[in-house]
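# test case, fold it:
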Amino acid sequence: MLALLRTSSLIVAVMFVLSLSSEPAQAEVQDASFENLQVLPNDISRGALRGVMIENLRGLGLPRRQNEGCLFCHVGDMERPTDEWDFASDAKPTKEKARVMMAMVEAINDEHLSRLDDRVSPSFPVTCYTCHSGRTDPSPLPDVRLASYEEGGVDSALMFEAWLERNPDHAMARRRLTNLRAGG
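Sure, this is the predicted structure:
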């Protein structure tokens, strides 16, 4: 048993020494440049780009599971690894629509809302979720509630309202719900 412990310790020590002299870790390698970015900056980091894309998925209610939601705008196949997908392709019209919408959101936040003196505090930026509320087809909240009621009755409408109230990531939806209750 002691011999096994010594051998294991030696292997761990050798692996540690080899790791110190090896090439830099993958995380330290500079991010690759991305092709065909038209709204986002060309020097965006991989992590920042991923964050923007995840926010877009959340805003439109698209699934994150195995990058499935990415196929709403990007060209790929769930049967193939994502590194074989053509993220630069403009073949899907939804990608151009997303670019226009992202530029619109940026303009609203940077050029318009920033000029308002009496904003609520803390001020919330406009995001995809502000209008889409987790749906690919942006609809006014009263219409979403009515559709929820028509599809599943009172229980469905109440479940939707309860979800809006308890979901901490969607402050704008909660604010819209409060305005709706007040008759606004």
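# residue ranges with poor pLDDT in this structure?
For the chain, the stretches with pLDDT under 70 are 1-32, 121-122, 160-161, 163-184.
# quick check: domain ranges of it?
Domain ranges of the chain: 42-116, 139-184, per automatic domain parsing.
# in TSV: the ones you listed, plus mean neighbour count and distance to Asn36.
(Each C-beta comes from the backbone N, C-alpha and C, glycine too.) Output for the domains of the chain, formatted as TSV (neighbours: other C-beta atoms under 10 Å; distance: least, C-beta to C-beta, whole Å):
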stretch	mean neighbour count	distance to Asn36
domain 42-116	14	4
domain 139-184	13	30
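# adding distance to Glu35, write those domains out as CSV.
Supplementary listing: the domains of the chain in CSV, determined by distance: least, C-beta to C-beta, whole Å:
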stretch, distance to Glu35
domain 42-116, 4
domain 139-184, 31
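# of all the ones you listed, which one is nearest Pro125?
Ranking these by proximity to Pro125 (C-beta to C-beta) places domain 42-116 first, at 4.8 Å.
# for Cys128, find the nearest of the domains of the chain.
Set against Cys128 and scored by C-beta to C-beta, the domains of the chain come closest in domain 42-116, at 2.6 Å.
# ends of that closest one, how far apart?
Start and end residues of domain 42-116 are separated by 30 Å (C-alpha to C-alpha, to the nearest Å).
# can you offset everything so residue one is 370?
Fine by me, first position is 370 from now on; the one you just mentioned is domain 411-485.
# which SS class is the nearest residue to Met471 once chain neighbours are set aside?
With sequence-adjacent residues excluded and distances taken as C-beta to C-beta, 6 or more residues apart in numbering, Met471 is closest to Val408, at 4.8 Å. Of the three states, Val408 takes coil according to DSSP: H, G, I helix; E, B strand; the rest coil.
# burial count for Cys497?
20 (other C-beta atoms under 10 Å).
# quick revisit: quick check: phi and psi at the residue nearest to Met471.
Backbone geometry at Val408, expressed as degrees, to the nearest 10, gives phi -110, psi -40.
# so it makes contact with Glu475?
Yes: if you go by C-beta atoms under 8 Å, Val408 and Glu475 touch, sitting 7.5 Å apart.
# sorry, back to before: against Ala526, how distant is the residue nearest to Met471?
36 Å (C-beta to C-beta, to the nearest Å).
# strands of this protein, start to end?
Per DSSP state E, the chain carries no strands over any range.
# for it, just list every one of the helices.
Shown for the chain, the helices assigned by DSSP state H span residues 371-390, 415-429, 462-476, 497-501, 510-535, 540-550.
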